[in-house]
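Asker: no letters, just coordinates:
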């Protein structure tokens, strides 16, 4: 230990406690407790250049214990990132400050991922570590050679997603991943002994991890443990025994310092305890200079890497991959023409597989996978061989029965850059993934969820597997495009939109049952409008039928029967509500004009459709499903054309 290292660590403590106090809100305990570990990591081991936060071969650092966000903001400021500034830190947790209550990747370039929901930071880091190994296998050590670091707390390791994540990381042998566990034995309620007695290092070892332990306040011991982790080819957990709120003489080591300001008296006591004489938000010049030197030490390494990138024959391709732009529309052009020439009646999950065969061959950055449902989700193609610890160049991940872990890992793959992840499971299991899907949307990441068996149309598996409320509930998540295509053409269009949406995650809800090809016009991507007039009324328009997915076929049949009775009916296919809402008012009014009776048809809950039916009819399922063949279920729940026709005629007569 040197005095300067201690002063560098104390700078984190001071900034953290002062910012939380100024905000009268926050979590000072973790950053104060892990300040020594963070100082060793940033000054001795982390490969980064504060002047180039998007350097492709930088180490990734994830603060999984996101409540301790002042640890991240302090280290970013101290090491010389352009943002946050000291004024940003002074305005911690205030409106428009990039220093939010929990770190947000879109606010600060040095924040690799948005964290706060415990466990997900570590789980996303698994995806980042996997991305590094995959790109390394494709581009070599000269261009891709970095590590993924995580600071995690007790809560991160208790959450169920942690079990999924570490199992996957151990199985894949992600030895470039190192987790620094803030082993302070405290949670919000009190001592960890209140709620757990498990041997956490033993659990990690059982999943194939290497483990170390250290005194989290002994700089030399911290460095020793990190060096040992680097030397091992397995992913590593380092149990850093720390004192939460270290430096606060009357509160350290207790849960009282976890999630509340220290108070003016205790802050004064901390300054005395640490010998920190500077006023709030002032860092002594010599301490700041030491931190800035740490932030600049990677500049030479980055410059050498840039020379290698320019000279390497694969350098241009890596740059393209990291840039992330793809032209899925062009890749699908000939395929769509083939569909027009030879229409296909297939399930939209099969239509997805057909589109993926073309797309994965054309777009090498696509990396797929499934939560043990490959044969059902149809997510693997000829171009995507299995990825394993013996072949990281593969492009298909067998995630196992780990839906939440898969979704979080895909977030990490996307956040790392150079990869467009997609993964499959049954739509009903989107509930297992939901919090990670929400983080995809918050983080503005291009993650594509392939969710099959999207309704009672899956049949005999019954209500436990039949999604009823899921599509509508997913539509509630901001910045998530939920697609429910009706045929091969729409499915391909939705894939193109998902791949070309760089800042928005997408979810494709796909059928198990075969559906006819209804579209004959590929002059433009009509699915991009969110909703469009698939077929116009022949007789005077009195009804507008709106449907999604497998129910568009039903709407066509109902429209035919209405026309026989001289009742003109438009059929509007509505594959994506979010995109329809983004259209201008004139377009929306043209597709859904006032006057005609509006009828929605979707094999899910009817709640939500009232925004479009405007007092019309909502055909749906406001109960759980049942176990029976699909055709029997559609009749039982009122989706026969006869049943729908009767409701429409009754409404028109009244």
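Answerer: Structure's in. What do you need? Keep in mind it's a predicted model, so treat the numbers as computed, not measured.

Asker: would you work out how far apart the start and end of stretch 207-219 are?
Answerer: Start and end residues of stretch 207-219 are separated by 29 Å (CA to CA, to the nearest Å).

Asker: for that stretch, give the mean pLDDT please.
Answerer: Stretch 207-219 carries an average pLDDT of 98.

Asker: and for stretch 521-530?
Answerer: So the average pLDDT for stretch 521-530 ends up being 97.

Asker: ditto for stretch 60-67
Answerer: 98.

Asker: residues contacting stretch 171-178, please?
Answerer: Stretch 171-178 is contacted by residues 125-126, 129-130, 132-133, 146-150, 169, 207-208, 226, 229-230, 232-236, 238, 387-389, 400 when judged by CB atoms under 8 Å, 6 or more residues apart in numbering. For every residue, glycine as well, the C-beta is placed using N, CA and C.

Asker: what's the first-to-last distance across that stretch?
Answerer: 15 Å.

Asker: repeat for stretch 40-49
Answerer: 16 Å.

Asker: could we number from 7 for the rest of this?
Answerer: With 7 as the first residue, the last one maps to stretch 46-55.

Asker: mind listing what's buried in that stretch?
Answerer: 46, 47, 48, 49, 51, 52, 53, 54, 55 (16 or more other CB atoms under 10 Å).

Asker: residues in contact with it?
Answerer: 11, 14, 61, 63-65, 67, 81, 85, 152-153, 155, 186, 225, 228-229, 232, 236, 296-297, 300-302, 304-305, 307-308.

Asker: circling back to that earlier point, buried subset of the contacts of stretch 177-184, written for ChimeraX?
Answerer: The buried subset of these, as determined by 16+ other CB under 10 Å, is captured in ChimeraX by this line:
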select :131,132,135,136,138,139,152,153,154,155,156,175,213,214,232,235,240,241,242,244,393,406
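
Asker: reformat the buried residues of stretch 46-55 as TSV; add distance to residue 384 and secondary structure.
Answerer: What follows is the buried residues of stretch 46-55, written out as TSV (distance: CB to CB, whole Å; DSSP: H, G, I helix; E, B strand; the rest coil):
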residue	distance to residue 384	secondary structure
46	48	helix
47	43	helix
48	45	helix
49	49	helix
51	43	helix
52	41	coil
53	40	coil
54	41	coil
55	43	coil
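
Asker: which residue packs closest to residue 31, ignoring adjacent ones?
Answerer: Spatial nearest neighbour of residue 31, excluding adjacent residues (CB to CB, 6 or more residues apart in numbering): residue 99 at 5.3 Å.

Asker: now do the contacts for that neighbour.
Answerer: 29, 31, 32, 105, 106, 107.

Asker: may I ask which of these has the most neighbours?
Answerer: Ranked by neighbour count (other CB atoms under 10 Å), those have residue 105 at the top, with 30 neighbours.

Asker: and the most centrally placed residue in the chain, what helix or strand is that in?
Answerer: Nearest to the mean C-alpha position of the chain, counting by CA atoms, centre = their mean, stands residue 446 at 2.9 Å. Taking DSSP states H and E as the definition, residue 446 sits inside helix 436-449.

Asker: tell me what angle whichever helix or strand comes after that helix forms with helix 436-449.
Answerer: For helix 436-449, the succeeding helix or strand toward the C-terminus, using DSSP H and E, is strand 454-458. Relative orientation of strand 454-458 versus helix 436-449 (axes from the mean of the first three to the mean of the last three CA atoms, to 10 degrees): 160 degrees.

Asker: which other helices and strands contact whichever helix or strand comes after strand 454-458?
Answerer: Downstream of strand 454-458, the next assigned helix or strand under DSSP H and E is helix 476-481. Other helices and strands packing on helix 476-481, by 3 or more CB pairs under 8 Å, 6 or more residues apart in numbering; DSSP states H and E, are helix 436-449, strand 487-489, strand 512-516.

Asker: distance to residue 112 and mean pLDDT added to these, as JSON lines?
Answerer: JSON lines is the format used below for those (distance: least, CB to CB, whole Å; pLDDT from 0 to 100):
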{"stretch": "helix 436-449", "distance to residue 112": "7", "mean pLDDT": "98"}
{"stretch": "strand 487-489", "distance to residue 112": "18", "mean pLDDT": "99"}
{"stretch": "strand 512-516", "distance to residue 112": "18", "mean pLDDT": "99"}
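
Asker: with respect to residue 540, which of those lies nearest?
Answerer: For the helices and strands packed on helix 476-481, distance to residue 540 was read as CB to CB. The smallest value, 15.4 Å, belongs to strand 487-489.

Asker: tell me which other helices or strands the closest one touches.
Answerer: helix 476-481, helix 494-506, strand 512-516, helix 583-587.

Asker: average pLDDT for the longest one?
Answerer: It stands for helix 494-506. 98.

Asker: what angle do strand 512-516 and that helix make with each other?
Answerer: Going by the same axes, to 10 degrees, helix 494-506 makes 160 degrees with strand 512-516.

Asker: check which helices and strands helix 494-506 sits against.
Answerer: helix 334-347, helix 354-368, strand 487-489, strand 512-516.

Asker: buried set for that helix?
Answerer: Using 16+ other CB under 10 Å as the test for burial, helix 494-506 gives 494-506.

Asker: so that helix versus helix 354-368, what angle?
Answerer: Using the same axes, to 10 degrees: helix 494-506 against helix 354-368 is 50 degrees.

Asker: now the angle from helix 494-506 to helix 334-347?
Answerer: Going by the same axes, to 10 degrees, helix 494-506 makes 180 degrees with helix 334-347.

Asker: next one: the third one
Answerer: When the same axes, to 10 degrees is applied, the directions of strand 512-516 and helix 334-347 differ by 20 degrees.

Asker: does residue 353 touch residue 518 like I think?
Answerer: Yes - with contact defined as CB atoms under 8 Å, residue 353 reaches residue 518; the gap is 5.7 Å.

Asker: which is the next helix or strand following whichever strand or helix holds residue 129?
Answerer: Using DSSP H and E, residue 129 sits within helix 126-145. Next helix or strand after helix 126-145 toward the C-terminus (DSSP H and E): strand 154-158.

Asker: by contact count, what packs against that next one?
Answerer: strand 66-69, helix 126-145, strand 183-189.

Asker: out of the ones you listed, which is closest to residue 556?
Answerer: The nearest among the helices and strands packed on strand 154-158, by CB to CB, is helix 126-145 at 32.4 Å.
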